[in-house]
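Undergrad: mind folding the following:
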Amino acid sequence: MEFYQMPLFNKILVRDIEKAEKWYRHTLGFQSVFKFRNESNEVIMNHLRLKKYQDIMLIQSEDFTSGNGCFINILVDEIETIAKSISEKYVLQPLEQMPWNAIEMTIIDPDGYQITLTESNISDEDFEKLMNSVSKKY
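TA: From the prediction side, this is the model:
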């Protein structure tokens with residue numbers, strides 16, 4: 001596992017850190033990078049990673065409210081395969097072609113956090129051309 005300074009990541013408060021880790025691992029493919037334990041050897045923080053720069057920190061807590069004011073957006077490969085593996089009870093918005101050249105779906109994790117999964121259907125080179133042409137208009 002590669003270690004690096006993370007330019008941006010989300011801290012996510014969760015009620016059951018073990019259950020949350022299993023959900024992120026089995027549902028989306030995240031892996032644990034590091035677990036921080038308290039003096040009783042209980043995991044109170046779990047650093048998860050999907051790919052480079054796709055890091056989240058699960059933080060054990062009982063005192064929080066999750067809502068819809070902030071979505072986690074994750075760029076993924078093979079979104080249709082992932083979509084088929086996600087239980088319907090976690091799907092808020094099924095797969096949809098978006099006007100910004102991406103296929104997306106929005107799911108909810110066991111603690112109520114909304115996650116938008118995005119797969120680009122445009123190459124990096126074509127995306128750069130698209131952005132250059134659009135930015136000239138604005």
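Undergrad: can you pull out the strands in the protein?
TA: With DSSP state E, the ranges of strands along the chain come out as 10-14, 31-37, 43-49, 55-60, 72-75, 91-98, 102-108, 114-120.
Undergrad: now these in TSV, with mean neighbour count, mean pLDDT and distance to Lys129?
TA: For every residue, glycine as well, the C-beta is placed using N, CA and C. Compiled in TSV, these are given as follows (neighbours: other CB atoms under 10 Å; pLDDT from 0 to 100; distance: least, CB to CB, whole Å):
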stretch	mean neighbour count	mean pLDDT	distance to Lys129
strand 10-14	17	96	31
strand 31-37	13	97	34
strand 43-49	18	98	31
strand 55-60	20	97	30
strand 72-75	15	95	19
strand 91-98	12	96	19
strand 102-108	19	96	16
strand 114-120	18	96	14
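Undergrad: any chance of those in CSV, with distance to Ala83 too?
TA: As requested, the strands of the chain are arranged in CSV below (distance: least, CB to CB, whole Å):
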stretch, distance to Ala83
strand 10-14, 22
strand 31-37, 21
strand 43-49, 20
strand 55-60, 20
strand 72-75, 13
strand 91-98, 5
strand 102-108, 6
strand 114-120, 8
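Undergrad: right, and these - which one's nearest Ile82?
TA: Relative to Ile82, the nearest member of the strands of the chain by CB to CB is strand 114-120, separated by 6.4 Å.
Undergrad: so what does that closest one touch, helix or strand wise?
TA: Counting contacts by 3 or more CB pairs under 8 Å, 6 or more residues apart in numbering; DSSP states H and E, strand 114-120 packs against strand 72-75, helix 79-85, strand 102-108.
Undergrad: any chance of these in JSON lines, with distance to Leu95 too?
TA: Output for those, formatted as JSON lines (distance: least, CB to CB, whole Å):
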{"stretch": "strand 72-75", "distance to Leu95": "14"}
{"stretch": "helix 79-85", "distance to Leu95": "5"}
{"stretch": "strand 102-108", "distance to Leu95": "5"}
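Undergrad: out of those, which gets nearest to Asp16?
TA: strand 102-108 (15.6 Å).
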